[in-house]
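Peer 1: got a predicted structure plus its sequence, pasted below:
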Amino acid sequence: MGLGRTKSAVLLFFSIALGLACIVPPLLAKKKDKDNDKGTAPVSQGEQRRALHALNRLTFGPRPGDVQQVAAMGVDQWIDLQLHPEKINDAALDSHLQPFRTLRMSAKELAEDFPDGQELNQVMNGKRSMPSDPALRMVYQVQIERRQEKKEEKEQREKEAADKDGAATVSAKAPVDSSTMAADQASDRSNATADGSPANSNSNSRSASDGDNSMAGAPSSAQPDVKQTPEEMEQARRREEQLYADLEVQQLPNLTPDQRFKKILALKLPQQIALADSLRGGKGQEFLEGMIPRQKETLLAMNNPPGVVTGEMAQAKLLRAIYSQRQFEEVMTDFWFNHFNVFVDKGLDRLMLTSYERDVIRPHALGKFEDLLVATAKSPAMLFYLDNWLSVGPDSPQALGLPLHPNGPYWRRYPDRPPRPNQGKRKSGLNENYGRELMELHTLSVNGGYSQRDVTEVAKVFTGWTIDKPAEGGGFKFDPRMHEPGPKFVLGRRIKPKGEGEGLEVLHRLATSPQTAHFISLKLAERFVSDDPPPALVDRMAKTFLKKKGDIREVLNTLFHSPEFWDEGSYRDKVKTPLEFVASAIRATGAEVGDALPLARQLNNMGMPLYGAQPPTGYSMKAETWVSSSALLNRMNFALALTSGKVKGVKLDVAQLTGSALQPQDSTATLSALEASLLDGNVSKQTHDSIAAQIEAAEKNTPKQKQDGNTSQRRPDGASRPPEVSTIAGLLLGSPEFQKR
């Protein structure tokens, strides 16, 4: 793009961004009288409009041709098919996910192949042996060497700081004899030469312990023979090895991928570290090109082993949202993961989330709510995230230091047995995190009628629900030594002592509670209807929930066949989250994603890092969280980068969006064609006129660059040039209409 065209795009971007920023309030407001709005197209009640509405709500956005295909099939039939994803062939998605080996691995395998600090420390301390597999061994060796280097650097800094503090202390405490100091100064002056240098005959007045290694009588200009410290010698050795390593690494790209990897395994450790450094920060994608998945994962793991796991999870989530034919299953998987949120950066959860989403959330996304609730309660990811795996009953055998009697509860068998000597009653270690979130966020809601006592009692119920060897990827385990003995009282009902069965009873009562039925129905209606759904709809959904024993698919059937779902007031009434916006933009344009990590980074910029919601509330589904002038500019920025081909890893042919019959000089036709392809023609007059006016203004004020020598000619007044399709497409993706679904 020439300089003039660049200035035009920049001018157009900021002009339209400022114009659209004033439309933020309407994004937050609910439009109830769209038929009377002169700026919107006439409302059609046809099957095609119903198809567009269904696609906007049940998928991550329509692709080119989807509206016509769903309308031809019949909207109701298409919805029923999406509610039964097992009937849909999703082989096309499998090819996109095939390179991500971690998606098919168990937590135990992930812990072994992508070690975190705990695993590495065990090997460093001799508690575990180094892996025998050459590729895995290389990962461990590189990581351990780096940890040792950091440890040595830290110890060196602490030593230098201690020496400095010690020297300062000695200097401060040393007594000063003023008469002796004066005599020494006089002696120094008498022994100095005319040019101010000390006389040779007195050069040995400083003792060797002062650090003077010069020979007596040596010329004053001679340099002392400095002896290197062991640390300096080690640093010099490493620098030399680094130079050699760099030369070796530079030759690797000339080899075939398989030869390249074999050569890397044969390199010395300093060379392997140098190679790992060269691949940091997303660099070296060309170097990895052509390698099989395990080879790529191994080289990336040399820098950040757990990061390989979380990176593949993020890419898979985006690719599923973009390419899966089972779109509604992906929407519901995202919904339930957010409802039962787990934060990826909570320690070992980096290695547990793959199984959590794959084995806990996805299989139950359209099943019975109670099954989903039990599965999340027993999930190591949830147990670790909310610290329940560490929760110990105040009067449990572990807290009191008593053994667990093999024939029954210890408090009956040992009524008079004192605690172990010198131990006494330990701190209870009772953790209420899960008990509170279970009722407040997972089932009853914050106003569900429970008290603080209920929270404490539920926490006691779930003592002993823990993880077997979490650092090694172990699964759920009930430990009776950690479990609080005796009966509990939850929501006014007595829970008899029965170990693990107490937790299952509480989960059943919560899953079948009318308050839970209402709360889950409300959240589903907020996701699929509006931020403030009609109470009558929520009540009908709750009745279905109770009648069908928490069958999620049946509750959704009630929702999708309700008049409230199809009401004109709910049409494009939901603002997209950043994930929904990015996925829908890729789907709408038909772009091809070769590397989804740059898209994941875009979500970080928009405030929605995947799996990155730290509080158990997860990410909000409501407009007020995501709509602001700064958020609009971030989205516009992404939209323009996408359509202009500046998002790495994504390829887009914008010309296909306009159709082959487009006249190259007709900006009006270009805008109309893009409105039809990206928004099915549903663009308000305000948005259309705003974009058209900015395009016209930019065309008239853009200088035409002529690359003949140094000459430059400005376009005559009133003349036009072919519209930049990418810019117009980007502006439409950033428009208020595209922000909604």
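Peer 2: Everything's here; your move.
Peer 1: count of neighbours near residue 130?
Peer 2: 12 (other Cβ atoms under 10 Å). To be clear about C-beta, it is placed using only N, CA and C from the backbone, and glycine gets the same treatment.
Peer 1: do the same with the one 10 residues further on
Peer 2: The tally of other residues near residue 140 (other Cβ under 10 Å) stands at 21.
Peer 1: ok, residue 519 to residue 541 distance?
Peer 2: Counting by Cβ to Cβ, to the nearest Å, the separation of residue 519 from residue 541 is 11 Å.
Peer 1: same check on residue 92?
Peer 2: 33 Å.
Peer 1: got the buried residues for the lengthiest helix in the chain?
Peer 2: If each helix of the chain is counted by residues according to DSSP state H, the longest one is helix 134-173. By 16 or more other Cβ atoms under 10 Å, the buried positions in helix 134-173 come out as 135, 136, 138, 139, 140, 141, 142, 143, 144, 146.
Peer 1: next one: stretch 668-676
Peer 2: 669, 670, 671, 672, 673, 674, 675.
Peer 1: just the ones in helices from the residues you listed, please.
Peer 2: Checking the buried residues of stretch 668-676 against DSSP H, those in helices are 669, 670, 671, 672, 673, 674, 675.
Peer 1: residue contacts, the last one?
Peer 2: With contacts defined as Cβ atoms under 8 Å, 6 or more residues apart in numbering, residue 675 is in contact with 681, 683, 688, 732.
Peer 1: between the residues you listed, which is nearest residue 253?
Peer 2: Using Cβ to Cβ, residue 732 is the member of the contacts of residue 675 that lies nearest residue 253, at 41.2 Å.
Peer 1: now the closest residue to that closest one other than its chain neighbours: which helix or strand?
Peer 2: Sequence neighbours aside, residue 678 is the residue nearest to residue 732 in space, at 5.1 Å (criterion: Cβ to Cβ, 6 or more residues apart in numbering). Here residue 678 sits within helix 667-679, counting by DSSP states H and E.
Peer 1: mind giving me the packing neighbours of the helix or strand following that helix?
Peer 2: Downstream of helix 667-679, the first helix or strand assigned by DSSP H and E is helix 685-700. In terms of contact count using 3 or more Cβ pairs under 8 Å, 6 or more residues apart in numbering; DSSP states H and E, helix 685-700 is assigned the packing partners helix 3-21, helix 667-679, helix 725-733.
Peer 1: which of those has the lowest mean pLDDT?
Peer 2: Lowest mean pLDDT of these: helix 3-21, a mean of 46.
Peer 1: quick one: residue 286 is in a helix?
Peer 2: Yes: the assignment for residue 286 is a helix, going by DSSP: H, G, I helix; E, B strand; the rest coil.
Peer 1: what sits against the nearest residue to it once chain neighbours are set aside?
Peer 2: In space, and not counting its chain neighbours, residue 286 is closest to residue 253: 7.5 Å by Cβ to Cβ, 6+ apart. If you count contacts by Cβ under 8 Å, 6+ apart, residue 253 has them with 260, 286, 287.
Peer 1: so the last one is in contact with residue 276, correct?
Peer 2: No: taking Cβ atoms under 8 Å as the definition, residue 287 is not a contact partner of residue 276, at 11.4 Å.
Peer 1: which of the two has more neighbours?
Peer 2: Shown here are residue 287 and residue 276; by other Cβ under 10 Å, residue 276 has more neighbours (23 against 18).
Peer 1: surely the more buried one is in contact with residue 302?
Peer 2: Yes: under the criterion of Cβ under 8 Å, residue 276 makes contact with residue 302 at 3.8 Å.
Peer 1: next, show the common contact partners of those two.
Peer 2: Counting by Cβ under 8 Å, 6+ apart, the residues touching both residue 276 and residue 302 are residue 142.
Peer 1: any idea how far the residue minimising distance to the centre of the chain lies from residue 528?
Peer 2: Most central in the chain under Cα atoms, centre = their mean is residue 610, positioned 3.3 Å from the mean C-alpha point. Relative to residue 528, residue 610 is positioned 22 Å away (Cβ to Cβ).
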